[in-house]
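Colleague: Okay, predicted coordinates and the sequence, questions at the end:
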Amino acid sequence: CLLAARGRCAAGRAAARRPALPLCRRRKSAAPEAAGARPFALADIGEGIAEVELVEWHVAEGDAVAQFQPVCTVQSDKATVEIPGRYDGVVAALRHAPGDVVAVGDVLMDVLAGAAADA
């Protein structure tokens, strides 16, 4: 993170003392972010749930999505929940396949916010 690189946060100061540690403790996704796309991370769905299984996608890459539109269904040991979209735009990349276990905070998909779907 920018503050860590400038030595203005605790993670950056710790990294300066111990170079083997990462500069920032922010979680990095496994796949690179699509150019100009906004990452859509799995938010905390409550009740202390740390991870869920991705059951089904309701969108595909290239589909137009709207804010509050259900984009996927996830299942925990306590409930099955539809996850709504946060942005209007186009799905640039799906980061997980059905059946994958996804931790809270991991990126589910990338959305080109404000873009229109190709007709």
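Modeller: Happy to help now that I have it. Residues are numbered from 1 along each chain as shown.
Colleague: Any chance you could list what contacts stretch 64-79?
Modeller: 40, 42, 45, 47, 49, 51-59, 80-91, 102, 108-109, 111, 116-117 (CB atoms under 8 Å, 6 or more residues apart in numbering). In this view, the C-beta of every residue, glycine as well, is placed from N, C-alpha and C.
Colleague: same deal with stretch 103-114?
Modeller: When contacts are defined by CB under 8 Å, 6+ apart, stretch 103-114 is touched by residues 27, 29, 31, 33-34, 36-45, 49-52, 54, 59, 65, 71-72, 83, 85-96, 102.
Colleague: same thing but 7 Å
Modeller: With CB atoms under 7 Å, 6 or more residues apart in numbering as the test, stretch 103-114 has contacts from 27, 29, 33-34, 36-42, 44, 49-51, 65, 72, 87-96, 102.
Colleague: In strands, which of the residues you listed fall?
Modeller: Among these, the ones falling in strands (DSSP state E) are 38-41, 51, 65, 72, 89-94, 102.
Colleague: List buried residues within these.
Modeller: Taking 16 or more other CB atoms under 10 Å as the criterion, what is buried in the ones in strands among the contacts of stretch 103-114 is 38-41, 65, 72, 89-94, 102.
Colleague: ok, back up a step: give the ChimeraX command for selecting the buried subset of the contacts of stretch 64-79.
Modeller: Selection of the buried residues among the contacts of stretch 64-79 in ChimeraX, burial being defined by 16+ other CB under 10 Å:
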select :40,42,49,52,53,54,57,59,81,83,85,86,87,88,89,90,91,102,108,109,111
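Colleague: Fine by me, we can end here.
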